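Novice: sequence unknown, structure follows:
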């Protein structure tokens, strides 16, 4: 059984302990928008494992001498990069699906001289069969 890292399960005291911070620091980071936990009924903060991981990253960057505004900007840019990578993956999959479907299509001349698309291995219907369908033949 795997735990969803986005599930808000930790109260502020537990999240602070996991991140090795004071709960007041977590409140300050929430006010600054560095880490925005979910809210339970009664407006109590609930932190996910992802939030705790971000808190640890904030602490690491802070210890390296980066200002809180700089950390906020870094986190914002990292989120943008992740969103763009996800979008690239979606577009790549869509493109490969289109390419697969394009390679499996065959074009032929329809009855009226128009171009019709057929699946690979499919033959155009004989004219007599097409006319029966067009006239509403009940056996078809």
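Specialist: Everything's here; your move. Bear in mind the structure is a predicted one, so any value in this text is a computation, not a measurement. Numbering: from 1, shown residues only.
Novice: point out where the chain drops to low pLDDT.
Specialist: 1, 102-107, 119-121, 123-140 (pLDDT under 70).
Novice: for it, which residue occupies the most central location?
Specialist: With distances taken as CA atoms, centre = their mean, residue 86 lies nearest the centre of the chain, 5.7 Å away.
Novice: helix or strand for that residue, which one?
Specialist: Element membership of residue 86, judged by DSSP states H and E, is helix 68-103.
Novice: quick one: the strands in this protein, in order.
Specialist: 38-39, 45-46, 105-109, 115-119 (DSSP state E).
Novice: is it possible to get a markdown table of those strands that adds mean neighbour count?
Specialist: Every residue, glycine included, has its C-beta placed from N, CA and C. A markdown table is the format used below for the strands of the chain (neighbours: other CB atoms under 10 Å):
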| stretch | mean neighbour count |
| --- | --- |
| strand 38-39 | 12 |
| strand 45-46 | 18 |
| strand 105-109 | 11 |
| strand 115-119 | 11 |
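Novice: and these as CSV, adding distance to residue 79?
Specialist: Formatted as CSV, these follow (distance: least, CB to CB, whole Å):
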stretch, distance to residue 79
strand 38-39, 17
strand 45-46, 20
strand 105-109, 40
strand 115-119, 42
